[in-house]
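A.B. asks: model the structure of this input:
(one chain, ligands or ions: 1)
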Amino acid sequence: MSEDFEEGAFLGLPRGDGPADVAVVPLAYELTTSYGTGACDGPQACVEASAQVELYDDRLGDDLPAGLVISTEPVWEGTTPTLRAQLDELAAYVASFYNGDLFPLFLGGEHGILPPIMHAARHHPSVNGDLSTLTVVQLDAHADLRSSLDDEVFSHACAASRSLDVGVGQLLQAGIRAYSLEEAERIQGDKRIMTFFARDTQHPHTGRAAWQAWLDQLSSLTGPVHFTLDIDGLDGALVPATGTPVPGGLSYWQAVETIETLFANPNVVVISADVNEIVAQDDTPLTQFTAAALATKIIASHVLARREGRWAPRSSSLTQPPDETFFQRFEASVPSAS
Ligand SMILES: [Mn+2]
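C.D. replies: You can find the predicted model right below:
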């Protein structure tokens with residue numbers, strides 16, 4: 001630990017001078033978690049665990065912050081009483097990080113944060129108001145493609161469905177191994193969705209070819225991308241405290257390879273990322289440390305993309321909060337869903 005270690009900051013990095021190049025944004029949101037609880041404290045636990053993550057990234061060949069300003073924002077907590085009001089509040093808050101000047105990394109919180117984040121992402125200059133140009137790349141145990149769970153259409157189990165509903169153009173997912181008949185049919189029938197199942201990529205004999213197909217898919221993407229990492233996409237042994245740990249998931253190195261491959265694609269601009277379903281584990285810090293290590297890998301991969309000319313700041317005039325709220329947008333897209 002260096003003497004400039006700053007308590008409460010991601011990686012202990014002091015704020016530094018000037019505007020932020022990377023913003024780590026903890027979102028303490030948990031209103032629909034179905035099984036485990038504690039996703040609300042997860043972001044803070046991840047920031048604390050990051051104190052033990054090495055600043056050196058082998059691909060970057062440098063210590064973070066590598067000359068940049070990495071800012072850890074105050075923990076966002078909703079101030080409104082209902083789920084719908086909190087989602088609107090969240091969408092308006094995160095919109096301020098989509099002006100194109102910086103790279104936001106959101107820490108959640110349950111996966112229900114994704115649809116309002118995607119609504120806000122329309123303001124990024126690379127998206128320029130048209131979310132249909134945006135691809136979401138998702139690592140997750142669950143497809144998150146239900147139409148509702150326990151009568152709640154904004155359940156974390158519907159995060160991917162609602163993101164498509166607010167206008168996201170394409171969804172690529174891997175690690176998927178827990179899903180319903182409804183979701184299996186949706187994956188089959190919806191051309192916007194491409195799913196790489198863990199059964200195939202983790203198969204002891206043929207998994208290697210299936211995994212390579214996933215990497216090839218990431219390398220052939222074009223346009224703006226948001227990367228969403230539900231930590232339950234990893235094998236449950238690595239993240240035992242997450243809300244719904246599932247066996248048979250991705251290895252740590254597969255998550256790293258996904259991140260490195262995506263950020264290395266010269267035809268993609270990764271505009272933002274989130275790491276979610278983090279829960280503070282009491283007996284060992286394994287769950288939150290795993291999340292912190294992968295969040296650090298995301299930041300290092302962004303810094304490398306900047307250095308190699310795949311990402312540049314693009315100031316936007318669209319810095320105002322969204323002209324329509326998340327719910328206005330959602331209800332316009334899916335008239336029957338409200
Ligand atoms: Mn999820």
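A.B. asks: hey, let's count contacts and neighbours off CA atoms from now on
C.D. replies: OK.
A.B. asks: what's the mean pLDDT across stretch 266-274?
C.D. replies: The pLDDT scores in stretch 266-274 average 98.
A.B. asks: buried ones in that stretch?
C.D. replies: With burial defined by 16 or more other CA atoms under 10 Å, the residues of stretch 266-274 counted as buried are P266, V268, V269, V270, I271, S272, A273, D274.
A.B. asks: what are the bridge partners for the residue lying closest to the fourth one once chain neighbours are set aside, then?
C.D. replies: With CA to CA, 6 or more residues apart in numbering as the measure, V225 is the residue that lies nearest to V270, at 4.7 Å, once sequence neighbours are left out. Applying DSSP bridges to V225 yields these beta-bridge partners: T135, V270.
A.B. asks: can you give me the neighbour number for V225?
C.D. replies: When neighbours are defined as other CA atoms under 10 Å, V225 has 25 of them.
A.B. asks: correct me, but it touches N267?
C.D. replies: No. With contacts counted by CA atoms under 8 Å, V225 stays clear of N267, the gap being 10.3 Å.
A.B. asks: burial measure for H156, as a count.
C.D. replies: Counted by other CA under 10 Å, the residues lying close to H156 total 29.
A.B. asks: contact partners for the residue nearest to it when sequence neighbours are not counted?
C.D. replies: Distances taken as CA to CA, 6+ apart put G112 closest to H156, at 4.1 Å, once the chain neighbours are dropped. Shown in contact with G112 (CA atoms under 8 Å, 6 or more residues apart in numbering): E30, T32, F154, S155, H156, A157, C158, A159.
A.B. asks: can you pick the most crowded of those?
C.D. replies: Across the contacts of G112, the neighbour count under other CA under 10 Å reaches its highest value at H156, namely 29 neighbours.
A.B. asks: flag the shaky bits of the stretch 1-150 of the chain, pLDDT-wise.
C.D. replies: Counting by pLDDT under 70, the low-confidence segments of the stretch 1-150 of the chain come to 1-3, 32-39.
A.B. asks: show me the strands in it, by range?
C.D. replies: With strands called from DSSP state E, counting those that start in this stretch, the stretch 1-150 of the chain shows them at 22-28, 56-57, 62-63, 70-72, 76-77, 103-108, 135-139.
A.B. asks: what does the third one contact?
C.D. replies: The contact list for strand 62-63, computed with CA under 8 Å, 6+ apart, reads L55, Y56, D57.
A.B. asks: out of those, grab the one that's most surrounded.
C.D. replies: L55 (21 neighbours).
A.B. asks: and that one, its phi and psi?
C.D. replies: The phi/psi pair for L55 (degrees, to the nearest 10) reads phi -80, psi -20.
A.B. asks: from what I can see it touches L64, true?
C.D. replies: Yes. In this structure, L55 is within contact of L64 by CA under 8 Å, at 5.1 Å.
A.B. asks: nearest residue to G248 in space, ignoring adjacent ones along the chain?
C.D. replies: Once its chain neighbours are removed from consideration, G248 has its nearest residue in D235; the separation is 5.6 Å (CA to CA, 6+ apart).
A.B. asks: picking up where we left off before, dump the contacts of G112 into TSV; add secondary structure and distance to Q188 as well.
C.D. replies: As requested, those are arranged in TSV below (DSSP: H, G, I helix; E, B strand; the rest coil; distance: CA to CA, whole Å):
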residue	secondary structure	distance to Q188
E30	coil	30
T32	coil	27
F154	coil	22
S155	coil	22
H156	helix	21
A157	helix	18
C158	helix	17
A159	helix	18
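A.B. asks: next helix or strand past the strand or helix carrying L229?
C.D. replies: According to DSSP states H and E, L229 maps onto strand 223-230. Later in the chain than strand 223-230, the nearest helix or strand by DSSP H and E is helix 252-264.
A.B. asks: so what touches that following helix?
C.D. replies: By CA under 8 Å, 6+ apart, helix 252-264 touches 139, 215, 218-219, 234, 238, 268-270, 294, 297-298, 301-302, 305.
A.B. asks: which parts of that helix are buried?
C.D. replies: Q254, A255, V256, T258, I259, E260, T261, L262, F263, A264.
A.B. asks: let me see the contact set for L68.
C.D. replies: With contacts defined as CA under 8 Å, 6+ apart, the neighbours of L68 are A20, D21, V22.
A.B. asks: closest to L105 out of those residues?
C.D. replies: Using CA to CA, the shortest approach to L105 within the contacts of L68 belongs to V22, at 7.4 Å.
A.B. asks: show me what the closest one is bridged to.
C.D. replies: V22 forms beta bridges with I70, F103, as assigned by DSSP bridges.
A.B. asks: no further queries at this time; thank you.
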